[in-house]
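Novice: give me coordinates for this.
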Amino acid sequence: DLKIIAGGSQWESGHGGSQLMVKQDSSISGGAALNGKTVGINVLRGVSQMVTSAWIDKHGGDSTKVQFVEMPFAAMQPALETGRVAAAQISQPWATGALSTCRSLGPPNDAIASRFLLSAYVATGSWVAAHKDVIRRFQSALSSCAHWIDTQPGASVGAIADLTKQDPAVVSRSVRSIFSEGLTPAVVQPILDAAAKYGVLEAIFPAADIMAQA
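Specialist: The predicted structure follows:
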């Protein structure tokens, strides 16, 4: 009984962000070359696996023939360098740092849609029904925060560097996430459709069915 009460980060094509990466000297250039290979993702059966599977299938490969392994983003560059994985879906700011020894095959998120929600805040339907005012204030606060970080990315460099244990110089060069300043079914539906296609959800359903009405 979950309802989405506010959006988190979202994908915007052309903005950059997460990349499907291989070693710089790798011969891999498309999805077919990943058949039978091991690919690193941060969460099995999560968004990372869905978008990577979609990219492989869209670029001539067969995602059912790929071995996915779960690992932290920080461990992906070393895994690529040592050959433990053939490719990895790396988020920012680690993707920028990995460019010293790795290269990008492209942003796998584009294989889902040009714009869609990557993360969200949720609550139970019963809690939503009893806390309409709290939800409205929460949504307003998050929208203001999202606008601040979307329009002033440099202001968050120190906080992100502390949280991710990254060099602030790397963080300042990295592509920053875009955060949702408003929530509509149109940005939620693509990831639900992908989840149904790749067996994470049992069936497709309208995004509006799981969005809270405050």
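
Novice: what about the closest residue to P72 other than its chain neighbours, neighbour count?
Specialist: Residue nearest to P72 in three dimensions, not counting chain neighbours: N42, with 6.6 Å by Cβ to Cβ, 6 or more residues apart in numbering. No exception for glycine: its C-beta is placed from N, CA and C like everyone else's. Neighbours of N42 under the rule other Cβ atoms under 10 Å: 21.

Novice: from what I can see N42 touches S48, true?
Specialist: Yes: with contacts counted by Cβ atoms under 8 Å, N42 reaches S48, the gap being 5.0 Å.

Novice: which residues are common contacts for those two?
Specialist: Q89 (Cβ atoms under 8 Å, 6 or more residues apart in numbering).

Novice: for the residue nearest in space to the middle of the chain, give me its contacts.
Specialist: The chain has L118 as the residue nearest its centroid, 5.2 Å off, counting by Cα atoms, centre = their mean. The contact partners of L118, by Cβ under 8 Å, 6+ apart, come to G8, S9, Q10, W11, V47, N109, S177, I191.

Novice: hmm, 7 Å instead?
Specialist: G8, S9, Q10, W11, V47 (Cβ atoms under 7 Å, 6 or more residues apart in numbering).

Novice: which members of the residues you listed are positioned in strands?
Specialist: Applying DSSP state E to the contacts of L118, the entries found in strands are S9, Q10, W11.

Novice: bridged to the last one, which residues?
Specialist: With DSSP bridges applied, the residues forming beta bridges to W11 are F116.

Novice: what separates it from P108, distance-wise?
Specialist: 10 Å (Cβ to Cβ, to the nearest Å).

Novice: quick one on the thing from earlier: which among the contacts of L118 gets closest to A169?
Specialist: Ranked by distance to A169 (Cβ to Cβ), the contacts of L118 are led by S9 at 22.7 Å.

Novice: shaky segments in this protein?
Specialist: 214 (pLDDT under 70).

Novice: strands of that one, residue ranges please.
Specialist: Under DSSP E, the chain gives strands at 2-7, 9-12, 19-23, 38-41, 67-70, 87-90, 102-106, 115-117, 120-124, 178-179.

Novice: pick the most deeply packed of those.
Specialist: Neighbour counts (mean count of other Cβ atoms under 10 Å) averaged over each of the strands of the chain peak at strand 87-90, with a mean of 28.

Novice: just checking, what packs against that strand?
Specialist: Strand 87-90 makes packing contacts with strand 19-23, strand 38-41, helix 76-81 when contacts are defined by 3 or more Cβ pairs under 7 Å, 6 or more residues apart in numbering; DSSP states H and E.

Novice: and of the ones you listed, who's closest to A146?
Specialist: Going through the helices and strands packed on strand 87-90 one by one, with Cβ to Cβ as the measure, strand 19-23 comes closest at 22.9 Å.
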